[in-house]
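In: Next come a sequence and a model predicted from it.
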Amino acid sequence: MTRPPVALKRRIAAELRALRERKGLTLEAAAELAEVTKSSLSRFENGHSAPKIHTMRALMALYGASPQQREELEGLTKEAARRGWNAAIFGEGAAVPDWLRTYVALEATAAALLIYNVFVPGLFQTREYARAVIAANGRDGAELERRISLRLARQALLTPGPSAPTVHAVLDEGVLHRQVGGAETTRAQLARLAELSAAPHITIQILPFTAGAVSAAIGDGFVVLGLDPDPSLVYLESYEISHYLEGEPQAREFRDAFARLTGAALSPDESAQLLADASKIEG
């Protein structure tokens with residue numbers, strides 16, 4: 001399985017930072033013990049560059065990484081110089097599939113997210129709505145609970161603060177009418193969307209049915225991840241497959257498509273009111 005270089009760097013960054021923090025080391029202490037500069041280690045953890053294999057091995061030894069973690073991170077490091085496009089789900093018993101770990105690492109370090117979807121994105125879902133969506137995809141038992149926990153944990157990045165990304169989402173009007181998990185769960189989800197839209201760094205617009213064919217050529221959804229200072233990535237997902245489009249021409253094409261969607265959508269204020277009203281409708 002291969003991934004875009006930017007995705008690899010961001011994935012490696014998230015794993016290294018988590019291991020260092022689990023070990024209880026500051027950036028300065030870890031750099032000194034691993035005999036690398038603090039600025040180099042910082043670049044590794046920010047996803048701005050990937051370590052060489054000998055440096056990665058030294059860090060793994062310092063952090064006490066498990067054999068499985070060492071094998072995985074060494075593989076990612078070796079792959080970092082190669083270009084890739086598709087990522088398929090593997091290991092049905094895994095708590096976090098590989099494709100999802102890669103995307104979560106990218107999402108968590110993005111400066112901006114542009115989201116279009118015909119459904120409620122996982123980043124915005126309530127617990128019960130997420131439960132209904134994930135269960136509908138055939139997950140149950142412990143695996144279902146793990147997927148729900150991960151989905152909710154991802155939402156920490158929405159908390160206002162200096163590191164919070166700007167998030168602009170355009171959602172199809174169908175999210176107001178499609179019942180997921182029952183009427184009460186759907187109403188609670190719509191109320192959550194209205195609440196999120198009030199945050200200063202989050203913009204949500206509803207694309208009405210009357211907008212016509214503006215979304216016809218786009219598909220069910222996409223995310224443009226702003227990874228400053230790295231180039232943006234476009235993320236597409238279908239059942240059991242994630243697909244990254246890398247390069248400024250592709251990113252520009254999807255930013256232009258997003259601009260057309262925002263132009264055809266209701267204003268943020270109109271959308272917030274529509275969501276709030278729909279959340280109160282009994283049925």
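Out: Great, that's in hand. As the structure is a computational prediction, the values presented were derived from the model and not from experiment.
In: Nearest the geometric middle of this protein, what residue?
Out: residue 107 (3.6 Å; CA atoms, centre = their mean).
In: For it, give its distance to residue 191.
Out: 24 Å (CB to CB, to the nearest Å). In this view, the C-beta of every residue, glycine as well, is placed from N, C-alpha and C.
In: that older thread, quick one, what contacts the residue nearest to the centre of the chain?
Out: Residues near residue 107 by CB atoms under 8 Å, 6 or more residues apart in numbering: 113, 123, 154, 157, 223, 225.
In: where does it land in three-state SS?
Out: Classification of residue 107 using DSSP: H, G, I helix; E, B strand; the rest coil returns helix.
In: Kindly report the same for residue 170.
Out: Of the three states, residue 170 takes strand under three-state DSSP.
In: you'd agree it is up against residue 262?
Out: Yes: in this structure residue 170 lies within contact range of residue 262 using CB atoms under 8 Å: 6.0 Å.
In: of the two, who's got more company?
Out: residue 170 (27 against 19; other CB atoms under 10 Å).
In: The contacts of residue 107, buried ones only, as a ChimeraX selection?
Out: Here is the ChimeraX command that selects only those of the contacts of residue 107 that count as buried (16 or more other CB atoms under 10 Å):
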select :113,123,154,157,223,225
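In: Which one of the contacts of residue 107 is nearest to residue 187?
Out: residue 123 (19.6 Å; CB to CB).
In: dump the residue contacts of that closest one.
Out: Residue 123 neighbours (CB under 8 Å, 6+ apart): 107, 113, 115, 154-155, 157-158, 167.
In: just for the stretch 101-250 of the chain, where's the confidence low?
Out: For the stretch 101-250 of the chain, the stretches flagged by pLDDT under 70 are 239-240.
In: From the contact counts, what lies against the helix or strand hosting residue 129?
Out: Following DSSP states H and E, the helix or strand that holds residue 129 is helix 127-136. Contacts defined by 3 or more CB pairs under 8 Å, 6 or more residues apart in numbering; DSSP states H and E place helix 127-136 against helix 141-154, helix 183-196.
In: export the last one as CSV, just CAs?
Out: Put plainly, it is helix 183-196. Extracted in CSV, the C-alpha atoms of helix 183-196 (Å, rounded to 0.1, in the frame of the first residue of the first chain):
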residue,chain,number,x,y,z
ALA,A,183,-36.3,10.8,14.3
GLU,A,184,-34.8,11.8,17.7
THR,A,185,-31.3,11.0,16.7
THR,A,186,-31.7,12.9,13.5
ARG,A,187,-33.1,16.0,15.3
ALA,A,188,-30.2,15.9,17.8
GLN,A,189,-27.7,15.8,14.9
LEU,A,190,-29.3,18.8,13.2
ALA,A,191,-29.2,20.7,16.5
ARG,A,192,-25.5,19.8,16.8
LEU,A,193,-24.8,21.2,13.3
ALA,A,194,-26.6,24.4,14.2
GLU,A,195,-24.5,24.6,17.4
LEU,A,196,-21.3,24.0,15.5
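In: Name the residues that touch the helix or strand following that helix?
Out: Counting by DSSP H and E, the next helix or strand C-terminal to helix 183-196 is strand 202-207. Outside strand 202-207, the residues that touch it by CB under 8 Å, 6+ apart are 124, 158, 166-173, 175-176, 193, 196-197, 214-215, 261-262, 264-268, 270-272, 274-275.
In: Please name the strands paired to strand 202-207 in the sheet, noting orientation.
Out: Using DSSP bridges, the strands paired with strand 202-207 are strand 166-172 (parallel).
In: The stretch 151-283 of the chain: strands as residue ranges?
Out: 166-172, 202-207, 221-226, 233-238, 241-246 (DSSP state E, counting those that start in this stretch).
In: related to what we said a few turns ago, contact partners of the helix holding residue 129?
Out: By CB under 8 Å, 6+ apart, helix 127-136 touches 119-120, 122, 125, 144, 147-148, 151-152, 180-182, 185-186, 188-189, 192.
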